[in-house]
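**Student:** Just need the structure, nothing else, for what follows:
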Amino acid sequence: MPDAFSTNFNRFLDDGLKIVANCPVCHYHYNPGEAKVLEENEGAHLIYLKCRRCYSAILVLIMANNFGISSVGLITDLDSHEVMKFKAAKETNSDDVLSVHQLLENNSSGWFG
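**Tutor:** Below you'll find the model as predicted:
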């Protein structure tokens, strides 16, 4: 027997997809069956939707905890496999930023203008 939290969360997930039923860029109607759940982790779902008309996409993070359920959306031009690729990539740190700055500052070959 499913617990009440799982049942309520699944219902909210369905309702959450209804809220983002239209593309925020061109307002074309999404097919909810095309939503991809990219990742699930302890009450959080990362969902990807791509518009068939303008090809823009949205990432929606739906989170559930003891205080309720919340969501955050982001418009992107990435494909779902690119989202997962960058999610798995190593974080950029301050040394990386300084290295790029030094490369640009010491650009003797004129590659960057």
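**Student:** Tell me which residues touch Glu39, please.
**Tutor:** Contacts were defined as Cβ atoms under 8 Å, 6 or more residues apart in numbering; by that measure Glu39 touches His45, Leu46, Met84, Lys87. Just so you know, the C-beta spots here come from the backbone N, C-alpha and C atoms, and that holds for glycine as well.
**Student:** From those, pick the one nearest Leu59.
**Tutor:** The shortest approach to Leu59 among the contacts of Glu39 belongs to Leu46, at 6.6 Å (Cβ to Cβ).
**Student:** What number of residues are in the vicinity of the closest one?
**Tutor:** Number of residues near Leu46 (other Cβ atoms under 10 Å) recorded here: 19.
**Student:** same check, this time on Asp95
**Tutor:** Should you count by other Cβ under 10 Å, Asp95 turns out to have 8 residues around it.
**Student:** Quick check: the gap between it and Cys26.
**Tutor:** Relative to Cys26, Asp95 is positioned 41 Å away (Cβ to Cβ, to the nearest Å).
**Student:** Looks like Cys51 contacts Asn22 (just checking).
**Tutor:** No. With contact taken as Cβ atoms under 8 Å, Cys51 and Asn22 are classed as non-touching, separated by 9.1 Å.
**Student:** Now do the shared contacts for the two.
**Tutor:** When contacts are counted by Cβ under 8 Å, 6+ apart, the set common to Cys51 and Asn22 consists of Tyr28, Tyr30.
**Student:** neighbour count winner among these two?
**Tutor:** Neighbours around Cys51 and Asn22, counted as other Cβ under 10 Å, are more numerous at Cys51. The numbers are 20 against 12.
**Student:** where does the more buried one land on pLDDT?
**Tutor:** Note for Cys51: predicted pLDDT of 91.
**Student:** From the contacts of Glu39, which land in helices?
**Tutor:** Where the contacts of Glu39 overlap with helices, as defined by DSSP state H, the overlap consists of Met84, Lys87.
**Student:** Of the contacts of Glu39, select the buried ones using a ChimeraX command.
**Tutor:** Buried members of those, defined by 16 or more other Cβ atoms under 10 Å, are picked up in ChimeraX with:
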select :45,46
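**Student:** Format the contacts of Glu39 as CSV; extra columns: pLDDT and distance to Ile75.
**Tutor:** What follows is these, written out as CSV (pLDDT from 0 to 100; distance: Cβ to Cβ, whole Å):
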residue, pLDDT, distance to Ile75
His45, 89, 18
Leu46, 92, 15
Met84, 94, 18
Lys87, 89, 17
